[in-house]
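Q: From the sequence below, what's the structure:
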Amino acid sequence: SRWPGEGSLVIEQVAFLDAENCEQGVFQVGTPLNLSIKFVARKYGVFRIIPCAVLFRTDGIMVSQFIDNPVELHLEQGETREIRLEYGPLELGDGNYVFSVALYRKLDFANLEQPEIYDLIDRSFEFNVFGNPPLLTALIHHPGKWRVV
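A: Have a look, this model is predicted:
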């Protein structure tokens, strides 16, 4: 679902890309996933953009969030740009996941200020992960190493 936003930047397309930049919906654990967000400027201007993506399981449990530092872009009216989240090799458990994606104008968690949204599409982009051994049923397989001390 699309949330109401300020509207001068609009997300036009979201895609999951593999290592060869081919669009996919199913990924094997350990392979890279890139999240591509294409957006268009509805007017000319200088835009301060804070990209954000939040990963959920399909049952609504939040898995992780990715918020980058602001980037400033000079855009012409009608100009389309792309921003990518390089998620890296998947260390997720098998199953279905969904991303929410957003372009914020202002976002400040530290001071609990009201965010300003250019565009936000909530839990609308689903992909599947497979390939874990049957007994590895954890949500995330975070890297770690045992050591005897």
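Q: Quick one: residues in contact with the lowest-mean-pLDDT helix or strand in the chain.
A: Between all helices and strands in the chain, the lowest mean by mean pLDDT, DSSP states H and E belongs to strand 2-3, at a mean of 79. If you take C-beta atoms under 8 Å, 6 or more residues apart in numbering as the criterion, strand 2-3 is touched by 102, 117, 119-122. All C-beta spots, glycine's among them, are computed from the backbone N, C-alpha and C.
Q: If we use 6 Å, what do you get?
A: 120-121 (C-beta atoms under 6 Å, 6 or more residues apart in numbering).
Q: partners of it, with directions?
A: strand 116-130 (antiparallel) (DSSP bridges).
Q: picking that back up, how far is the least confident helix or strand of the chain from where the chain is centred?
A: Centroid displacement of strand 2-3 relative to its chain, using C-alpha atoms, centre = their mean, to the nearest Å, is 15 Å.
Q: buried set for the helix or strand that comes right after it?
A: Next along the chain after strand 2-3, taking DSSP states H and E as the criterion, comes strand 9-17. For strand 9-17, burial by neighbour count (16 or more other C-beta atoms under 10 Å) applies to 9-11, 14-17.
Q: As JSON lines, those with pLDDT and distance to L75 would be great.
A: Compiled in JSON lines, those are given as follows (pLDDT from 0 to 100; distance: C-beta to C-beta, whole Å):
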{"residue": "L9", "pLDDT": "97", "distance to L75": "8"}
{"residue": "V10", "pLDDT": "96", "distance to L75": "12"}
{"residue": "I11", "pLDDT": "96", "distance to L75": "14"}
{"residue": "V14", "pLDDT": "96", "distance to L75": "19"}
{"residue": "A15", "pLDDT": "96", "distance to L75": "21"}
{"residue": "F16", "pLDDT": "96", "distance to L75": "25"}
{"residue": "L17", "pLDDT": "96", "distance to L75": "23"}
